[in-house]
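# Predicted model and sequence below, questions to follow.
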Amino acid sequence: MFCAQCGTASSPEYKFCKNCGAAIKGSGSVQDGAPFAAAIQNGQGPAGQGSAGQVPAVQGPAVQAMSPAGYPSVPPGVPQVVYQSVPQQVYYVSAQSAHAQNVHQNNLLAGLRGRIQSLASTESLEGFSLKAMFSEAFKRHGEDAVENYILVGTSKSTPPIELVETGWPKPWLFFRLLVALVVAYVALTFLYMRTGNTNCVPGMMFLGAFAVPLATLVLFFELNTPRNVSIHTVGKLFLSGAIVSLAVALLGYSLPIFDISDMEAGVVEEVAKLLTAVVVMRSLRYKYILNGILFGATVGAGFAAFETAGYALNEGFLAGLLTGITHGQTLAVATRGGVVEMLQVLRLRGILAPLGHVAWTALAAGAFWRVKQGKSTSVGMLFDTRFLKAFMIPVVLHAIWDAPWQLPFLGNQIITGIVTWYVVFGLVQQGLRQVQEEQKTHLQSTLETVEAQMQTPGTAVV
C-alpha cells in the first residue's frame, strides 16, 4: 500500500504514513488528510529521525485522544505549545496557561524585589548592567593609569565635586589585583607540591586568605566615585578594623545570651563590624553614602581575611595533620595531608568571600552613612528606623548562611549573596544620586555668586 500524499510504501496495518504522517486511505479511524504526528515506532520520529522533539502539532479530534488527564484541550484558534513526555505520547498546554505561569513567576520575583527595596529603602536599579560595568576589566591599562587611579583622596588629589562621575562606575583595578594574587598563590602551591618545602605553607595561607577579600575591597574602592578616600586610609582601616572587629566579636561570643546556636554569628559579627566602622571612621570629612559603603567593605574584608586564615589553620592544616598522625602516618605524610586540607578550605572560602563579610558590612555601613549625612555620629542614629530595617538584611542573611539546614550546591550562600549585592547596588545608586545632587547644588551656588557679582557695581567677574 502506498501513501497518496508522498508515495511512500507502507504496510497494510499502518493507519498513517511513516514519512509524512498523512492518513492512509482505507485505514479507517481518522478523517483523510488530517495532520497527525508521524508514526512513532521503535522510538523513531518523522522521516526516520530519532528525536521525539520533531513531532508536528495535532489539531481537531486527535487532541482529545492524545491529551492526558488533567490537561485542557486546545480551543479553536488558540496558539499551542507542544510537549512530549515519553515516546508515543503527545499532549498540549495552551499558550494562555504557559503565559499565566510566567506572569505568576514574574509577579513573585517583583514582589520579592519590592519587599527587599522596602526594607533597604532603595529603588529599582536604573541604567545598571553588569556587562557594561565590568567592560573595562579586561582592557589593558598602563602603569601611569594605575598610579593616577590610586593616588587619590588627599587634599591635593581629590577631584572637585563638579568633576566627579555620577554614572555607574566601570571598575577594572580589582581584577588586575585578583589575577596577580591568584597567580602568586598558584605558583607557590605548585612549588610546594613539587618540593614539599614547608616554608611555602605560610605564604600559601596568606595569599589564599587575603587574595579575594583584598580584590573585592579594591572593587569597592573603585565604586567610591568621589575619590576622597586615600589608599593610606583604606590600609589603616583594613588592619585596625580587622583586629578591632575580631576582638569585639570574640567578646560578644563570650556573653551567655549568645550561647544559643550557630546562627548567632549573624548578630554578633555584624554588630561588631559595623560598630568598628562607625567608631574608627568618625571624621566629618567623609559624608557620602559611597564613603560608608567603602569603609564597611574595608572592615569586612579585613575580618574575612583574618577569619579565613584562622579556619585554614585550625580546620584545615592542623585538623589534617592530627588526622594523619592519629592514623599512624609519618610526620611528612601527615603534614602534606594537612596542607591539602588547608588548600580546600582556602579555595572554598575564597570563592564565597565576595558574597559574605565584605558585602554585608558594606551594606550595613552604607545604610548608616545614609542616615548620618555628614553629621557627627550619635547613638540615636543607630536606632533610626530606616537604618535598622536595612541593617536587619545582613544580620538575617548571615544567619541563613550559617543555618544548620543547607540547600544543595551552596544554595544558602549563593541566594544570600545575590540578595546582598542587589541591596548593595541599590545603595551605590543612592550614593551616586547624592553626589549628583551636590553637584547641582554647587553649580546653583556658583551661578548665584556670579550673578551677584555682575549686579554689584565696580565688581570684576573672574
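That came in fine, so what should we check first?
# element containing Gly426, please.
Per DSSP states H and E: Gly426 is located in helix 411-455.
# where does that helix sit relative to the chain's centre, distance-wise?
The gap between where helix 411-455 is centred and where its chain is centred comes out at 22 Å by Cα atoms, centre = their mean, to the nearest Å.
# Can you spell out which helices and strands pack onto that helix?
With contacts taken as 3 or more Cβ pairs under 8 Å, 6 or more residues apart in numbering; DSSP states H and E, helix 411-455 sits against helix 95-120, helix 289-311, helix 357-372, helix 385-401. In this view, the C-beta of every residue, glycine as well, is placed from N, C-alpha and C.
# What are the contacting residues of stretch 379-393?
The contact list for stretch 379-393, computed with Cβ atoms under 8 Å, 6 or more residues apart in numbering, reads 116, 118-121, 270, 274, 278, 363-364, 367-368, 370-372, 419-420, 423.
# List buried residues within those.
Using 16 or more other Cβ atoms under 10 Å as the burial test, the contacts of stretch 379-393 include 119-121, 270, 274, 278, 363-364, 367-368, 370-372, 419-420, 423 as buried.
# Out of those, which is nearest to Gly310?
Glu270 (18.1 Å; Cβ to Cβ).
# Test my guess that that closest one contacts Ala399.
No. Applying Cβ atoms under 8 Å as the test, Glu270 and Ala399 come out as separate, 9.3 Å apart.
# Report the residue spans of this protein with pLDDT below the cut-off.
1, 7, 10-16, 18-19, 21-22, 24-105, 257-263, 457-462 (pLDDT under 70).
# Would you map the strands across it?
Remark: strands assigned in the chain by DSSP state E are 80-86, 89-94.
# Can you get me a residue count around the closest residue to Val229 other than its chain neighbours?
Closest residue in space to Val229, ignoring its immediate chain neighbours: Gly153 at 4.8 Å, by Cβ to Cβ, 6 or more residues apart in numbering. By the criterion of other Cβ atoms under 10 Å, Gly153 has 20 neighbours.
# Now Gly153, what are its backbone angles?
In terms of degrees, to the nearest 10, the main-chain angles of Gly153 are phi 100, psi -10.
# Show the contacting residues for it.
227-233.
# 7 Å instead, please
227-230, 233 (Cβ atoms under 7 Å, 6 or more residues apart in numbering).
# Just the closest of these to Ala297, please.
Out of the contacts of Gly153, the member with the shortest distance to Ala297 (by Cβ to Cβ) is Val229, at 11.0 Å.
# Which parts of the protein belong to which domain?
Using automatic domain parsing, the domain parsing of the chain gives 1-45, 140-441.
# and these, which is most packed in?
domain 140-441 (a mean of 18; mean count of other Cβ atoms under 10 Å).
# Can you get me the start-to-end distance on that one?
Across domain 140-441, the terminal residues are separated by 37 Å (Cα to Cα, to the nearest Å).
# ditto for stretch 136-143
15 Å.
# Check stretch 122-131 too.
First-to-last residue span, stretch 122-131, Cα to Cα: 22 Å.
# That one: which residues count as buried?
Thr122.
# Out of the buried ones among the contacts of stretch 379-393, the closest to Gln344 would be?
Thr420 (24.5 Å).
# Now that closest one: closest residue in space that isn't a chain neighbour?
Nearest one to Thr420, counting by Cβ to Cβ, 6+ apart, is Ala359 at 4.6 Å.
# go on, Gln430?
Ile289 (5.7 Å).
# ok, the closest residue to Leu239 other than its chain neighbours to Phe206 distance?
Nearest non-adjacent residue to Leu239, counting by Cβ to Cβ, 6+ apart: Gly302, 6.5 Å away. Distance, Gly302 to Phe206, by Cβ to Cβ, to the nearest Å: 14 Å.
# now Arg113
Counting by Cβ to Cβ - Arg113 and Phe206 are separated by 39 Å.
# swap in Leu275?
In this view, Leu275 and Phe206 are 27 Å apart by Cβ to Cβ.
# and Phe174, what is it in contact with?
Contacts of Phe174 by Cβ under 7 Å, 6+ apart are 215, 218-219, 222.
# Which one of the residues you listed is nearest to Ala184?
Distances from Ala184 to these, taken by Cβ to Cβ, are shortest for Ala215, at 12.4 Å.
# I'd guessed the closest one sits against Ala180; true?
No. Ala215 is beyond contact range of Ala180, at 9.2 Å (criterion: Cβ atoms under 7 Å).
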